[in-house]
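> Sequence first, then the predicted structure, then my questions.
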Amino acid sequence: MFSFFGKKNKNGTRTLTSANDLQVGDIIVFKDTLHLPESIRGQSVEVVQVGAYEFESGFEASFALKTVSGEAYFLSSENDDGETILTLSRQIQREVVEAIFDLGEIGNVLDEGFSSLKSLDSTPAEYDEWVASEYHENADCVQCYYHKTDKRGQTPAQYSDGSFDGEELNYYECTSVNGDYGVAIEVYKTGDTDISLFKCFDESVIEDLLPNAG
């Protein structure tokens, strides 16, 4: 049981028992542990937005985080046989993508069918702890929508295509053999493409959850 269990704000109106309870303005304090990449180790980050990905199976919450120095991360969580698994990701720009991966292999991932992806020896030191040597595609051109609003507790409308307040995209995902590392590629209907590196952890990497006292 973590130290943040039962934590309330000064008004006693909210209790945070897991990352799933986070709202805008809340603070996550990560442990100073070697399980985490150095860039986020021991950091306190603020939840600046709660969005959602709408898949056919339902909504998945996405928490946008910002460090004191202004670095941006995204957090999501899922339940795996009673254990909460956190996925922490950071978006990378084109020049970083080119330094880590062969763009031809990225193109193969986006083509029809499943592909593999290998990282290059030129990976910048800043991203070493975010990158695996090899990935295999496990989600190919999954159509979904991204919403900038909190959809927790809601169910997608049976006949809705999500377009009324969501951005349509195709989602591709490659993961390492052990599943701890991954690359997510989001190709939006507008033509914009976002590429993120992610790592998975159990919830024990969180030192504390602090409710927004405002």
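Happy to help now that I have it. Residues are numbered from 1 along each chain as shown.

> Tell me the secondary structure at the closest residue in space to T193 that isn't next to it in sequence.
Using Cβ to Cβ, 6 or more residues apart in numbering and skipping residues adjacent in sequence, the residue nearest T193 is V187, 5.1 Å away. (Glycine included, C-beta is placed from N, CA and C.) With DSSP: H, G, I helix; E, B strand; the rest coil as the basis, V187 sits in strand.

> Just give the number of residues close to V187.
Applying other Cβ atoms under 10 Å, we find 17 residues neighbouring V187.

> wait, it sits on E168?
No: applying Cβ atoms under 8 Å, one finds V187 not in contact with E168, separated by 9.9 Å.

> Look up the residues forming beta bridges with E83.
D80 (DSSP bridges).

> any idea how far it is from A139?
Using Cβ to Cβ, to the nearest Å, E83 is found at 21 Å from A139.

> E98 too?
23 Å.

> how about the strands in this protein?
7-8, 15-16, 27-30, 44-55, 58-67, 72-80, 83-92, 116-118, 134-147, 166-175, 181-188, 193-202, 206-210 (DSSP state E).

> Save those as CSV, and put in mean pLDDT and distance to Q154 too.
Output for the strands of the chain, formatted as CSV (pLDDT from 0 to 100; distance: least, Cβ to Cβ, whole Å):
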stretch, mean pLDDT, distance to Q154
strand 7-8, 49, 26
strand 15-16, 88, 21
strand 27-30, 97, 24
strand 44-55, 96, 8
strand 58-67, 96, 6
strand 72-80, 91, 16
strand 83-92, 94, 21
strand 116-118, 95, 34
strand 134-147, 94, 10
strand 166-175, 95, 12
strand 181-188, 98, 21
strand 193-202, 96, 24
strand 206-210, 95, 23
